[in-house]
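A.B. asks: sequence and predicted structure, then a few things I'm wondering about:
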Amino acid sequence: MVLDLYARRVVGWAMSSSPDADLVVKALDHAWEQRGQPEKVMFHSDQGSQYASRKFRQRLWRYRMTQSMSRRGNCWDNAPMERLFRSLKSEWIPALGYRNLPEAKRDVGGYLMDYYNRQRPHAFNGGISPVAAEENLKILSGIS
């Protein structure tokens, strides 16, 4: 998952049976497209091998993104992402899991892109959803 830290909005995600470089590249590609192919963006992650892979670093370079990684053992940098995973697991994932990967993708995608982004109130955003928080910023900034 890729989380925009301004309003804690999920802007990209992917799911696979393998937590490898292909998976994080797919999530990054999704985020990059969703956000209108921005440049000069910082991408922060932990030190997982997927994020240190040549394939992922090359994709960041192509998108003109700066990579930032937490120091080993510094979990506070990733607290917003850990909180998102906790919400997903405790609020949404069925106790018995899913029958198959396509079912999981449909259900988790609905949670992330609809419920979590558009409906779920977030304490960080003063009790409003990430989408509403971004819309408020646009109104305040005069951005159309």
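C.D. replies: Structure's in. What do you need?

A.B. asks: quick one, what contacts residue 36?
C.D. replies: If you count contacts by C-beta atoms under 8 Å, 6 or more residues apart in numbering, residue 36 has none. For glycine as for every other residue, the C-beta is placed from the backbone atoms N, C-alpha and C.

A.B. asks: what helix or strand is the residue nearest to residue 16 when sequence neighbours are not counted located in?
C.D. replies: Among residues not flanking residue 16 along the chain, residue 23 sits closest, at 4.5 Å (C-beta to C-beta, 6 or more residues apart in numbering). Assignment of secondary structure by DSSP states H and E places residue 23 within helix 21-34.

A.B. asks: which helices and strands does that helix pack with?
C.D. replies: If you count contacts as 3 or more C-beta pairs under 8 Å, 6 or more residues apart in numbering; DSSP states H and E, helix 21-34 packs onto strand 2-4, strand 9-12, helix 49-52, helix 54-62.

A.B. asks: quick one: the helix or strand following that helix to helix 54-62, angle?
C.D. replies: Sequence order places strand 41-45 as the next helix or strand after helix 21-34, per DSSP H and E. Relative orientation of strand 41-45 versus helix 54-62 (axes from the mean of the first three to the mean of the last three C-alpha atoms, to 10 degrees): 160 degrees.

A.B. asks: what comes up buried for the helix holding residue 23?
C.D. replies: For helix 21-34, burial by neighbour count (16 or more other C-beta atoms under 10 Å) applies to 21, 23, 24, 25, 26, 27, 28, 30, 31, 32, 34.

A.B. asks: swap in stretch 106-122?
C.D. replies: Judged by neighbour count using 16+ other C-beta under 10 Å, the buried positions of stretch 106-122 are 108, 111, 112, 113, 116, 117, 120, 122.

A.B. asks: sweet, I'm off.
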